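Student: Need a 3D model of the sequence below.
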Amino acid sequence: MLLLKLFLVPLFLLLLTLAGRRWGPSVAGWLAGLPVVAGPILLFLSLEHGAGFAADAAAAALSAVVASVSFSVAYSHAAQRWGWRVSLALALIAWGVAALCLSFIPPSATTSLAVSLLVLAIAPRLFPHMDESSIARVFSVGELGGRMVAGALLTLAVTFAANLVGSTWSGLLAVFPLLGSVLAVFSHRANGPAFVAHLLRGMAAGLYSFVAFCFALSVSLPEAGIALAFAASGLIGVAVQLLSKRRLRRAPGELATTTSG
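Tutor: Model prediction:
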């Protein structure tokens with residue numbers, strides 16, 4: 001499991017970086033919506049604490065879509081005025097406030113589903129409107145390695161913390177913006193505020209698969225068992241991800257071309 005924690009997120013970060021370079025930030029963000037971080041964390045929780053604990057954690061993770069969107073919207077707006085340090089701090093505060101509020105709500109898969117879908121429906125209107133081109137510059141091996149190391153360290157920290165708290169906070173921490181933080185900071189530094197706004201807006205569009213995965217997992221774990229529940233939920237998540245592609249809208253002038261400038 002330790003090897004999975006160390007290599008899964010860094011590998012996905014590598015693939016997302018390459019996707020952003022090839023197809024643009026919106027596509028990279030959309031792919032980041034897949035439950036590649038929360039899925040393994042919930043699996044670890046189910047194996048260590050049982051299916052019932054993981055089902056409650058999945059319901060809490062489903063509601064945490066609100067916190068995830070809060071992070072992305074806050075970072076996108078802050079990045080238009082400030083550098084990555086201030087933007088990240090404000091975005092993490094937004095995530096923390098939203099997560100704290102959600103922690104007082106008893107986990108309910110049905111209620112969390114309704115709230116998450118409502119938030120995702122209005123999310124595109126919450127991001128700054130960007131008309132300028134978003135061009136990904138060529139990145140160095142050192143920069144790429146930095147992204148992967150940061151992703152691995154954050155994964156270890158979040159999974160360790162999740163094991164020390166109850167099911168609600170375990171689910172909320174499973175949706176801590178690991179990928180969002182690393183991708184936003186490195187993209188902001190390398191490509192500017194327009195690029196990161198497109199990236200994070202695309203990430204919100206890709207969260208439909210995450211919602212489907214967590215809802216299916218929450219309702220199926222108590223009855224179907226761990227193996228079948230995760231297999232079925234994973235397939236449902238992938239199917240919804242493909243269907244959600246039509247909601248992926250590239251901003252005017254967005255380019256997938258790379259530049260060395």
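Student: all helices in the stretch 1-150 of the chain, in order from the N-terminus.
Tutor: 2-23, 25-32, 38-49, 51-63, 65-79, 84-103, 109-122, 141-162 (DSSP state H, counting those that start in this stretch).
Student: Next secondary structure after the last one?
Tutor: Which is helix 141-162. Sequence-wise, the next helix or strand downstream of helix 141-162 (DSSP states H and E) is helix 167-174.
Student: now that following helix against helix 84-103, angle please.
Tutor: 160 degrees (axes from the mean of the first three to the mean of the last three C-alpha atoms, to 10 degrees).
Student: Need the mean per-residue confidence for helix 167-174.
Tutor: Averaging pLDDT along helix 167-174 gives 80.
Student: For that helix, name the packing helices and strands.
Tutor: Here helix 167-174 touches helix 38-49, helix 51-63, helix 84-103, helix 141-162, going by 3 or more C-beta pairs under 8 Å, 6 or more residues apart in numbering; DSSP states H and E. For the C-beta atoms, the positions are set from N, CA and C on the backbone; glycine is no exception.
Student: Could I get the buried residue list for the shortest one?
Tutor: Read that as helix 38-49. Neighbour-count burial for helix 38-49 flags A38, G39, P40, I41, L42, L43, F44, L45, S46, H49 (criterion: 16 or more other C-beta atoms under 10 Å).
Student: Is the first one in contact with A57, as I believe?
Tutor: No - taking C-beta atoms under 8 Å as the definition, A38 is not a contact partner of A57, at 9.3 Å.
Student: intersection of neighbour lists for these two?
Tutor: Jointly contacting A38 and A57 under the rule C-beta atoms under 8 Å, 6 or more residues apart in numbering are A174.
Student: Just say which of the helices and strands packed on helix 167-174 is most tucked in.
Tutor: helix 51-63 (a mean of 26; mean count of other C-beta atoms under 10 Å).
Student: Extract the C-alpha set from it and format it as PDB.
Tutor: What follows is helix 51-63, C-alpha atoms only, in PDB (Å, rounded to 0.1, in the frame of the first residue of the first chain):
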ATOM      1  CA  ALA A  51     -17.000  -1.400   4.800                       C
ATOM      2  CA  GLY A  52     -19.400   0.500   7.100                       C
ATOM      3  CA  PHE A  53     -16.700   3.100   8.000                       C
ATOM      4  CA  ALA A  54     -15.700   3.500   4.400                       C
ATOM      5  CA  ALA A  55     -19.300   3.900   3.300                       C
ATOM      6  CA  ASP A  56     -19.800   6.900   5.700                       C
ATOM      7  CA  ALA A  57     -16.400   8.300   4.600                       C
ATOM      8  CA  ALA A  58     -17.500   8.000   0.900                       C
ATOM      9  CA  ALA A  59     -20.700  10.000   1.700                       C
ATOM     10  CA  ALA A  60     -18.600  12.700   3.400                       C
ATOM     11  CA  ALA A  61     -16.200  12.700   0.500                       C
ATOM     12  CA  LEU A  62     -19.200  13.200  -1.800                       C
ATOM     13  CA  SER A  63     -20.200  16.300   0.100                       C
END
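Student: No further queries at this time; thank you.
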